[in-house]
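Participant: Return atomic coordinates for the entry below.
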Amino acid sequence: MARTVKGSIQIQGQTLTITNPDKPLWPEAGVTKAIYLQKLAELSPYLLTYCRDRLLTTIRYPHGVHGEFFYQKNAPEPLPPFVQTAVHEKINYVVLSGLPELLWLGNLAALEFHPSLHAVGSSLPCEWMIDLDPTLQEEPRIMEAAHIVGQVLSSLGIQSVPKTSGATGVQIIVPISKGITFEQLRMLGHFVGRYVCEKHPKLFTLERLKKDRGDKIYFDYLQHYGGKTLAAPYTPRAREQATVSTPLLWEEVARDVSPKDFTLLNIGARLAEKGDLIAALPAQPLDPLLAHLAKT
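Facilitator: Next up, the predicted model:
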C-alpha cells in the first residue's frame, strides 16, 4: 500500500490536515496538491465571491485528473467543526464561507466548484447566466458565438461579462437586481436564444438533445431552476492544462482568445492586473425588457 504523508497547516485559526502534498493532480501542468492549495488560496477572494452561501457541488479526483472522479453533493465525512452545511431536497450540502473550508475541500482533491445559482434558503437567482455549450469537442466558433450574444444583449441595453467555462464552453453573466425570478430569467433567455437561432441558424440551436444538434452550439437558458449548478467563475477545471473558468473582456472575445490560455499557473497575475471583471459591472436593468415580453 502507498504510504500516506500527512502534515498540518494553520489557516485563520483553524488547523487543517494536509495529506500527500506531492501527489500530482494535473501532471502535464506540473501541479501537485501542494501547488494546488497555494493556487486555491490565491484564487479564494474571487472564487469565494461566487460560492459563498450557496449550495456547493464539487467534483473530486482523488488520484488526479486522469483518475476516477465523482460528484460530491452530500458533505463528506468526517466534517470539521468549522464547516457549515445546509439541507436542500434531502441533500446536506457544504456551504462555503471562507478559506479554511476551501482548502479542506482542496485537500480532498475537490478540483471543480459548482455552486447553485441561488443562495441558501432563497428561491431567487443571484445572477443571469447564459451557457453556450459546444456540441463539438473542439469548437473554433465559440468566441464568435459569445460575441454575437454579447452584441444582442448590448442592443437591448444590457451589459454582460463573458467567461470561459474552463472546458469548451463560454458563459455570459449578467448581474441582476434582487427580486428577479428564475421564471423571468428563463423567459428572457428563451427570447434571446430564439433570436440568435433565427439570425444565425447554422451556429446556434435550442435543441436540448446533443445527438440532434449537429455541429451547432447549444444556447442553454434552462439552467435557471433551484438546485441547478454551473461552473463558478474562477473554478479550476479537471483538464490537462489546469484551466480556470475565467471572466474575459469583450475585446479579448473579439480577438478569439482560447479558453486554454487561462490556467492555475497564470490566473494570479491576470487577477492582480484586471481584478474581478464581474464585480465591476453593476446590476443591469432587466425590467424594461421583462415588461415588453409580458405584453407579447
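Participant: contacts and neighbour counts: CA atoms only from here.
Facilitator: Noted.
Participant: gap between the two ends of stretch 271-285?
Facilitator: Its first and final residues considered, stretch 271-285 spans 27 Å by CA to CA, to the nearest Å.
Participant: which parts of it are buried?
Facilitator: For stretch 271-285, the neighbour count (16 or more other CA atoms under 10 Å) marks 271, 276, 277, 278, 283, 284, 285 as buried.
Participant: I'd like the next helix or strand past the longest helix seen in the chain.
Facilitator: When the chain is scanned for its longest helix (criterion: DSSP state H), the result is helix 182-199. If you walk from helix 182-199 toward the C-terminus, the next helix or strand you reach (DSSP states H and E) is strand 204-205.
Participant: hmm, back to that, centre of the chain to the longest helix of the chain, how far?
Facilitator: Offset of helix 182-199 from its chain centre (CA atoms, centre = their mean, to the nearest Å): 21 Å.
Participant: Counting by contacts, list what it packs against.
Facilitator: The contact analysis (3 or more CA pairs under 8 Å, 6 or more residues apart in numbering; DSSP states H and E) places helix 182-199 against helix 142-155, strand 204-205, helix 287-295.
Participant: Can I get it as PDB, trimmed to CA atoms?
Facilitator: Backbone C-alpha positions of helix 182-199 (Å, rounded to 0.1, in the frame of the first residue of the first chain) are rendered in PDB as follows:
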ATOM      1  CA  PHE A 182     -35.900  32.100 -12.200                       C
ATOM      2  CA  GLU A 183     -39.000  32.000 -14.400                       C
ATOM      3  CA  GLN A 184     -38.300  35.600 -15.600                       C
ATOM      4  CA  LEU A 185     -34.700  34.700 -16.500                       C
ATOM      5  CA  ARG A 186     -35.900  31.600 -18.400                       C
ATOM      6  CA  MET A 187     -38.300  33.900 -20.300                       C
ATOM      7  CA  LEU A 188     -35.500  36.400 -21.100                       C
ATOM      8  CA  GLY A 189     -33.200  33.600 -22.100                       C
ATOM      9  CA  HIS A 190     -35.700  32.000 -24.400                       C
ATOM     10  CA  PHE A 191     -36.300  35.400 -26.100                       C
ATOM     11  CA  VAL A 192     -32.600  36.000 -26.700                       C
ATOM     12  CA  GLY A 193     -31.900  32.400 -27.600                       C
ATOM     13  CA  ARG A 194     -34.700  32.200 -30.200                       C
ATOM     14  CA  TYR A 195     -33.500  35.500 -31.700                       C
ATOM     15  CA  VAL A 196     -29.900  34.400 -32.200                       C
ATOM     16  CA  CYS A 197     -31.000  31.000 -33.500                       C
ATOM     17  CA  GLU A 198     -33.200  32.700 -36.100                       C
ATOM     18  CA  LYS A 199     -30.400  35.100 -37.100                       C
END
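Participant: mind listing the helices for this structure?
Facilitator: The residue ranges that make up the helices of the chain, judged by DSSP H, are 33-47, 99-107, 142-155, 182-199, 250-254, 267-274, 287-295.
Participant: between these, which one is nearest to residue 222?
Facilitator: helix 182-199 (6.2 Å; CA to CA).
Participant: average pLDDT for that closest one?
Facilitator: In this model, helix 182-199 has a mean pLDDT of 96.
Participant: List the buried residues in stretch 12-23.
Facilitator: 16, 18, 19, 21, 23.
Participant: With stretch 139-151 instead?
Facilitator: For stretch 139-151, burial by neighbour count (16+ other CA under 10 Å) applies to 142, 143, 145, 146, 147, 148, 149, 150, 151.
Participant: The fifth one is in contact with residue 250, isn't it?
Facilitator: Yes: in this structure, residue 147 is within contact of residue 250 by CA atoms under 8 Å, at 7.4 Å.
Participant: among the helices of the chain, which is nearest residue 12?
Facilitator: Shortest distance between residue 12 and those, using CA to CA, is found for helix 99-107: 7.0 Å.
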